[in-house]
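Undergrad: prediction below, plus the sequence it came from.
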Amino acid sequence: MYDLASKDVEDMAKLIISKDHTHLLNANITYLFREQPWKAGDGRTVLGKAAKRNDIDRILSNRKEDFIVILVKPRWDKFTEEEKKCLLDHELCHCGVMVSNSGEKKWKLRRHPIEEFPENLARFAFRREQMGLLIENPPSAVVTKPVSSRKIRPKTTPTN
């Protein structure tokens, strides 16, 4: 079951967008609450989701959303203010835009550019270094090319 999220969610999102997601200032985003969390295929509990609306959805919806952000209400209600901001910011990070050479904007759903297994990081120091560099210099919030085309290449060391 889904319900429209309370106004405080939208107000918090507007502050986050104006500070850290200015590419979304003109996006039409609807925030929903869901009663139950999702279970990911690997058993993880998912507490939020972002979805991009397609042209048909936009025609059928009175709200004409570009994106929908869904939050799990029972967990949201137990979160601290900081945890709420973190979850909302995370979901807004999925909402991106692709800008053509002519300046035309097209809304895109972004995937996580940082993903790795902890045990792999524990075994390979160069991978930890790569992840650290990516964290220090994160990709732009405005998507200029699909995230899937972004590759992290290992450093090569000269051989004698």
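TA: Noted; the coordinates are in hand.

Undergrad: so how far is the helix or strand where residue 15 lies off the chain centroid?
TA: Using DSSP states H and E, residue 15 maps to helix 7-20. From the chain centre to the centre of helix 7-20 is a distance of 15 Å (C-alpha atoms, centre = their mean, to the nearest Å).

Undergrad: over to stretch 111-122?
TA: The mean C-alpha position of stretch 111-122 is separated from the chain mean by 16 Å, C-alpha atoms, centre = their mean.

Undergrad: buried ones in that stretch?
TA: Within stretch 111-122, no residue counts as buried by 16 or more other C-beta atoms under 10 Å. Just so you know, the C-beta spots here come from the backbone N, C-alpha and C atoms, and that holds for glycine as well.

Undergrad: with stretch 73-88 instead?
TA: Buried-residue list, stretch 73-88, by 16+ other C-beta under 10 Å: 73, 75, 76, 79, 84, 87, 88.

Undergrad: do you know the pLDDT at the closest residue to residue 1 other than its chain neighbours?
TA: Among residues not flanking residue 1 along the chain, residue 35 sits closest, at 4.9 Å (C-beta to C-beta, 6 or more residues apart in numbering). As predicted, residue 35 sits at a pLDDT of 95.

Undergrad: thinking again about what came up before, will you turn the buried residues of stretch 73-88 into TSV that also has pLDDT, distance to residue 64 and secondary structure?
TA: Output for the buried residues of stretch 73-88, formatted as TSV (pLDDT from 0 to 100; distance: C-beta to C-beta, whole Å; DSSP: H, G, I helix; E, B strand; the rest coil):
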residue	pLDDT	distance to residue 64	secondary structure
73	97	24	helix
75	95	29	helix
76	97	25	helix
79	96	29	coil
84	96	26	helix
87	95	25	helix
88	97	21	helix
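
Undergrad: my read is that residue 67 contacts residue 31, right?
TA: No - the criterion here is C-beta atoms under 8 Å, and residue 67 misses it with residue 31 at 9.6 Å.
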